[in-house]
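Participant: mind looking at a prediction? Sequence and model below.
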Amino acid sequence: MNFRTVLQLAVIGKIAVLGIYVLDALPAQAAISTLGGGLGRECYMAAELRREPRTGLGMCDRALAEENLSRRDRAATLVNRGIIYMQSRDLEQAIRDYRSALKTDLEMAEAHVNLGIALLHKGGNDREAIAALTRGLDMKPSRPEVAHYTRAVAHELLGNVREAYEDYLAAAALKPEWKEPVEQLKRFSVEKRETANG
């Protein structure tokens, strides 16, 4: 009889607590720089530097209405405005902006990642969040550790323990100085056991 080693994972702690604590621990999303100057650049700076939301939103709105933005810069400005909406806790508008950005440029990794983060924060859309985050990861976002971490949370909320563990591991490996993934990994118990292979 052949035996093989199986990795068995268990989560120590409660997922309800995880959902509240971990979502608040998510880092800021990565804003997308625009190629030109003007209001599009100001919108980017407002999102990246977490400036006062009302002022930032005004700059983004004006950039979208008044400037002749390239397709890529228009999508980036929508993502940046979505980030500002997220910072001010307007998840519905953030999701609308991320979806609009994807209609403009489907290949923008950060739009997929930010959509996944917003869907997870909103709640009840964990599978859709995982799909958006996975698509964003496939496109090589600027901060893949954020996508892995967020996807880990979504997987855990759905009871996908192995997938959650693997994503926390990936986030920790990609950004070793970020303490949060390491802290989440401490809640997992890894146990090897032999099983018959036959």
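Facilitator: Looks like it arrived, so ask away. Model, not experiment: these values are computed from the prediction.
Participant: list the buried residues in the longest helix belonging to the chain.
Facilitator: Ranked by number of residues, the top helix in the chain under DSSP state H is helix 71-87. Residues of helix 71-87 classed as buried: 73-87 (neighbour count, 16 or more other CB atoms under 10 Å). Every residue, glycine included, has its C-beta placed from N, CA and C.
Participant: domain map for this structure?
Facilitator: Per automatic domain parsing, the structural domains of the chain span 1-27+143-198, 33-137.
Participant: among the ones you listed, which gets the worst mean confidence?
Facilitator: Note on these: domain 1-27+143-198 shows the lowest mean pLDDT, a mean of 74.
Participant: quick one: Arg74 and Leu64 touch, right?
Facilitator: Yes - taking contacts as CB atoms under 8 Å, Arg74 lies within contact range of Leu64: 6.9 Å.
Participant: contacting residues around Ser88?
Facilitator: Residues near Ser88 by CB atoms under 8 Å, 6 or more residues apart in numbering: 53, 57.
Participant: redo that, cut-off 6 Å
Facilitator: Residues near Ser88 by CB atoms under 6 Å, 6 or more residues apart in numbering: Pro53.
Participant: same check on Ala170?
Facilitator: Each residue near Ala170 by CB under 6 Å, 6+ apart is listed here: His148.
Participant: please name the nearest non-neighbouring residue to Gln184.
Facilitator: Spatial nearest neighbour of Gln184, chain neighbours left out: Tyr168 (4.9 Å); criterion: CB to CB, 6 or more residues apart in numbering.
Participant: need the contact list for that neighbour.
Facilitator: Here Tyr168 is in contact with 152, 181, 184-185 (criterion: CB under 6 Å, 6+ apart).
Participant: kindly export the longest helix of the chain (C-alpha atoms) in PDB.
Facilitator: Taking C-alpha atoms only, helix 71-87 is exported to PDB below (Å, rounded to 0.1, in the frame of the first residue of the first chain):
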ATOM      1  CA  ARG A  71      -8.600  55.800 -22.900                       C
ATOM      2  CA  ARG A  72      -5.900  54.600 -20.400                       C
ATOM      3  CA  ASP A  73      -5.900  57.900 -18.500                       C
ATOM      4  CA  ARG A  74      -9.700  58.000 -18.400                       C
ATOM      5  CA  ALA A  75      -9.700  54.400 -16.900                       C
ATOM      6  CA  ALA A  76      -7.000  55.400 -14.500                       C
ATOM      7  CA  THR A  77      -8.900  58.500 -13.400                       C
ATOM      8  CA  LEU A  78     -12.000  56.400 -12.800                       C
ATOM      9  CA  VAL A  79     -10.000  54.000 -10.600                       C
ATOM     10  CA  ASN A  80      -8.400  56.900  -8.700                       C
ATOM     11  CA  ARG A  81     -11.800  58.400  -8.100                       C
ATOM     12  CA  GLY A  82     -13.100  55.000  -7.000                       C
ATOM     13  CA  ILE A  83     -10.200  54.900  -4.500                       C
ATOM     14  CA  ILE A  84     -11.300  58.200  -3.100                       C
ATOM     15  CA  TYR A  85     -14.900  57.000  -2.800                       C
ATOM     16  CA  MET A  86     -13.600  53.900  -1.000                       C
ATOM     17  CA  GLN A  87     -11.700  56.200   1.400                       C
END
